[in-house]
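Participant: Make a model of this:
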Amino acid sequence: MLKLELDLLARPAAADVAIVIDVLRMTSTASQLFAQGLHKLVVVADIEQARLLAAQNKALLLGERGGKKLPGFDGGNSPLEHRDKNLSKQQAVLCTSNGSKATELAATTEHLLLGAIINAAAVAQKALQLAKDSILLICAGTNGQVSLDDVLGAACIARELLKLEPDLILSDSSKLALKVLDATPNLHAGLCEAKHGQLLQELGFAADIRFAAQLNKLNAVPERKQGQPLSFIRANL
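Facilitator: Numbers count the residues shown, from 1 in each chain. The predicted model follows:
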């Protein structure tokens, strides 16, 4: 029987299939970039490494700290920042406060996907295609603390997984996340209540929160490229 596990905070993990979730905003941004045709995305936590990789690959350099765009970068971490651009044949490097660290911690898993509310159904479908024994949902958290927005995102993916595989064996943390989702009928309101959501509103990114709350808006799923621990391409569904 297939098992569903959920880590409320990112930690080193070894799993059959892992899905990193950073709803506000890294995994939402990554999914949107691939929806716009991005060829490859490299996710790194170190700022100087991000600069070097972007220069070497002539890639878009995207990143933030504390929600704000890093100096000298081509863009920040907003899923809406490049929405009017055709990104086909382009590469990007993404360096963020929380999601990039969580992705690096999950790099030892056999299959690694990036998931969010906006691609919940698609990432659930891909995870089930790949899984043999277990699926691990990894919440990135915010500055080392559990983050409501990521728990809601994980629960949305868990619910989509259950639609496709009703016999999944759920961990207690998975059940807890689903109960939080059941108590949150309005996803946008739930994201706004999160501490990270409140910060983004203060910084002027309310539109990013509205975007990130749109359940199953996209079918783009970032999937780690074989043999390249932190490089992602768009998954074939």
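Participant: where's Leu161 relative to Ala154, distance?
Facilitator: Distance, Leu161 to Ala154, using CB to CB, to the nearest Å: 10 Å. Where C-beta positions appear, they are placed from N, C-alpha and C, glycine not excepted.
Participant: more crowded one of these two?
Facilitator: Between Leu161 and Ala154, Ala154 has the larger neighbour count (other CB atoms under 10 Å), namely 31 against 26.
Participant: What does the pLDDT read for that one?
Facilitator: pLDDT for Ala154: 98.
Participant: Secondary structure of Pro61: a strand, I assume?
Facilitator: Wrong residue type there; residue 61 is Leu, not Pro. Yes. Assessed by DSSP: H, G, I helix; E, B strand; the rest coil, Leu61 belongs to a strand.
Participant: Need the nearest residue in space to it, chain neighbours excluded.
Facilitator: Nearest non-adjacent residue to Leu61, counting by CB to CB, 6 or more residues apart in numbering: Ala54, 3.8 Å away.
Participant: Touching, that neighbour and Leu70? I think so.
Facilitator: No. The pair formed by Ala54 and Leu70 falls short of the contact definition of CB atoms under 8 Å, at 11.3 Å.
Participant: So for Leu148, what's the nearest residue that isn't a sequence neighbour?
Facilitator: Nearest to Leu148 is Ala194, by CB to CB, 6+ apart, at 3.8 Å.
Participant: Burial check on the one you found, number of neighbours?
Facilitator: Neighbours of Ala194 using other CB under 10 Å come to 20.
Participant: ok, Asp74 - contacts?
Facilitator: Ala54, Leu60, Leu61, Leu62 (CB atoms under 8 Å, 6 or more residues apart in numbering).
Participant: now the strands for the protein?
Facilitator: Under the criterion DSSP state E, strands of the chain are mapped to 3-7, 17-21, 40-43, 60-65, 68-69, 91-95, 111-115, 134-139, 169-170, 222-224, 231-234.
Participant: Give me the most central residue, the protein.
Facilitator: Closest residue to the average C-alpha location of the chain: Thr27 at 2.5 Å, with CA atoms, centre = their mean.
Participant: What residues does it make contact with?
Facilitator: Going by CB under 8 Å, 6+ apart, the list of residues near Thr27 reads Val20, Ile21, Gly99, Leu114, Gly115, Ala116, Ala140, Gly153, Pro222.
Participant: since we're on the spatially closest residue to the fifth one that is not a sequence neighbour, how many residues are nearby?
Facilitator: Closest residue to Gly115 apart from its sequence neighbours, by CB to CB, 6+ apart: Val123 at 3.8 Å. Counted by other CB under 10 Å, the residues lying close to Val123 total 34.
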